[in-house]
Structure formats: structure tokens, C-alpha cells
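# Got a sequence here, can you model it:
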Amino acid sequence: MVVTACEHLDVAYRDVAALPDDERVLWIRAERWISHPAAEQALDTMTDLLAYPQRSRMPCLLVHGRTGMGKTMILRKFCREHPTVVDSHLGLARSPVVMMQLPPEPVEVSFYEELLGALGFPLVGEVSRVRARRTARDALKIIGARILIIDEIHALLVGGERQQRVFLNVIRLLANDLEMPLVCAGTPEARRALMTDNGLADRFESVELPRWTNTMAFRRLLASFGAILPLRQPSELDQEQVRSTLLKLSEGITVRIVRLLERLAVDAIRRGTERITLESFEMLPTRAPLLSMEHR
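Residues are numbered from 1 along each chain as shown. Reported below is the predicted structural model:
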């Protein structure tokens, strides 16, 4: 097949469009970063926190949104931008950003075990709450941590009301002891839980990742995909009905939008149409497993 100049694609991705079909399909299915305003706002705020001078009450950040809105991907990108650096003179690893996931059950010792595991200092055997807390604090200081990121913060809702209050107190005391910003990510329910602790609510700024609607920001998002998906003909992603159909099928959830676009692009390659149009949706199997089981 003769490949056209693919002038609709960004220059950096035109060579990908010349690859064999199977290689293009693999490329489409690989995870990649797509920027959008809410994500950039979260990244910019975290960057500001990283440079914040140490003080007794450090500001914190909550990134919240529905499951599938890309919270974890934003956190991972920030971690990639601030990786661990080895000090060759001292022989020590310095990690300015530490990311952990809240354990399934909000218990203090489990929290410190998860944190120490993320730091590469796993606890051995059963330890007391006091020892676990001290070990975690010492480890964070040794590696020079300047921001602690806690993903899946909504897991604290698993416990009862009293257990939630105890765990929120653990988070507040940790921020006080370390004098470092905390970045938490979770669902909207997690925001309501944090708001119940006045000492934490006053410190946390929040960035919401709302569902996508038919706005200019959504058009820019689709334009970004149109410029990188290695299809050999220009797609019609900015066509009004295409945008509306994408939003209807995905309910404005980022991960569903991405999954649907990937499926449409792969189908366009295999059918030889090489573009996404309104008719592309009609060609998909009726029971195509590309969205969520939530409303089936």
C-alpha cells in the first residue's frame, strides 16, 4: 500500500503511520500521556508544592474525580518527571517524590507498611504502631523526600466513622512531623471525608477532574488524538455528531473515551478505511467490550 504524506498527523508521528498494520495496532494500544487543562493544573500545583519552603503547616493537594478520569496517570507522570537520583559521593539514593497507595483497610500499621514498601524498606515481622511510624519517618528523611503522594485515598471510607477519624488524624500528624506537602488522589467521596477534619480541610487545595462535556477543551483533546493516532487518512473527530456520540457512549469518562478511540482506530486499520467517522461507530460489534459493564 502506498502511504500518503499524512499531513494531518503531527510530524513526530508520521513515520508510525508507515508501519505495518500489526505494529500500528500495538502502538495504538500502548499507554501514553495526553495533556489536558485539568491534568496540567494538577501537575503545575504539585510542581509548586515541590519547591515550597519548609514550614510548620505545609499546604497539601487533593486530586479528585470519578474512577477512570486519569488521576493515577497524572501522579505517575509527576513521579517520572522527578525520579530518584543517586548521589555518587555519598552513595545514597535521593527521592524527592514518594508515591504509595492506601492499603485496602485503613489501619495505621498497614499504612506504614505500604509506605515503607514504596520506599524499598519493607518491615520484617510484626512490629508495633510506634516502631512502624518511627521507621517510616526516618526512611523518608534519609531519602530526602519532599512530597508524599497517597493514591486511592478513598479507601479510608472502608472503615467506620471512628476509624476514618483516627486515620485522618494519622495523615495530619504525618504532615506535621515531616513538614512536607501531601498529595492525595481519590474519588469525590474522599473529598467529603477530608472535609470532616478541619485541620486537614484548611490545608488542602483541590483540583477536580470533571467528566468531559462538549466544550472547547474536549475538542482540543480529540484534536490531540487526531494528530497522533497513526491512521493514514484524516479522521472527523471534530465533527459535531462524532463528538456527541463519543460523549454519549463514554459518559465523559477519560479512560472510556481513550478505549473507544483506540477501538475505532484499530477497526479503521483492519477494515482499511484508515479514518474515524460517524459511520465507524456503526461498524463496531453491538456487544463490543470497549466501555464499562456498569450500565449493560
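
# can we go C-alpha only for contacts and neighbour counts from here?
OK.

# need the helix or strand of this structure with the lowest average pLDDT.
helix 198-201 (a mean of 78; mean pLDDT, DSSP states H and E).

# mind listing what's buried in it?
Leu200, Ala201 (16 or more other Cα atoms under 10 Å).

# which helices and strands sit right next to it?
Applying 3 or more Cα pairs under 8 Å, 6 or more residues apart in numbering; DSSP states H and E, one finds that helix 198-201 contacts helix 161-178, helix 188-195.

# and of those helices, who's closest to Val63?
Closest to Val63 of those is helix 188-195 (Cα to Cα; 8.8 Å).

# How far away from the center of its chain is the closest one?
18 Å (Cα atoms, centre = their mean, to the nearest Å).

# Quick check: mean pLDDT of that helix?
Averaging pLDDT along helix 188-195 yields 83.

# just to revisit the earlier point, same list (the helices and strands packed on helix 198-201) but as CSV, adding distance to Ala39 and mean neighbour count.
Shown next, in CSV, are those (distance: least, Cα to Cα, whole Å; neighbours: other Cα atoms under 10 Å):
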stretch, distance to Ala39, mean neighbour count
helix 161-178, 24, 16
helix 188-195, 16, 18
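
# any chance of those helices in CSV, with distance to Leu102 too?
CSV is the format used below for these (distance: least, Cα to Cα, whole Å):
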stretch, distance to Leu102
helix 161-178, 11
helix 188-195, 12
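
# still on that earlier bit, how far away from the center of its chain is the least confident helix or strand of the chain?
24 Å.

# Render the CA-only coordinates of it in CSV, please.
Extracted in CSV, the C-alpha atoms of helix 198-201 (Å, rounded to 0.1, in the frame of the first residue of the first chain):
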residue,chain,number,x,y,z
ASN,A,198,-11.0,20.8,59.9
GLY,A,199,-7.3,20.6,60.4
LEU,A,200,-6.8,18.9,57.1
ALA,A,201,-9.5,20.7,55.2
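
# where in the stretch 1-150 of the chain is pLDDT low?
1-4, 90-91 (pLDDT under 70).

# Tell me the buried residues in whatever helix or strand comes next after the least confident helix or strand of the chain?
Sequence order places strand 204-209 as the next helix or strand after helix 198-201, per DSSP states H and E. Across strand 204-209, burial judged by 16+ other Cα under 10 Å covers Phe204, Ser206, Val207, Glu208, Leu209.

# do the same with stretch 104-122
Quick answer for stretch 104-122 (16+ other Cα under 10 Å): 104, 106-116, 119.

# For the protein, which segments are assigned as helices?
In the chain, the segments counted as helices under DSSP state H are 14-17, 21-29, 37-50, 71-81, 108-119, 129-142, 161-178, 188-195, 198-201, 216-228, 240-250, 254-271, 278-283.

# what sits up against the first one?
Residues from elsewhere that reach helix 14-17, judged by Cα atoms under 8 Å, 6 or more residues apart in numbering: Val3, Ala5, Cys6, Glu7, Arg24, Pro230, Leu231, Arg232.

# quick one on the thing from earlier: let's have the helices of the chain in CSV, adding distance to Ser56.
Shown next, in CSV, are the helices of the chain (distance: least, Cα to Cα, whole Å):
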stretch, distance to Ser56
helix 14-17, 51
helix 21-29, 45
helix 37-50, 14
helix 71-81, 25
helix 108-119, 22
helix 129-142, 16
helix 161-178, 7
helix 188-195, 20
helix 198-201, 13
helix 216-228, 38
helix 240-250, 44
helix 254-271, 37
helix 278-283, 55
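
# Any chance of the backbone angles for Thr277?
phi -130, psi -180 (degrees, to the nearest 10).
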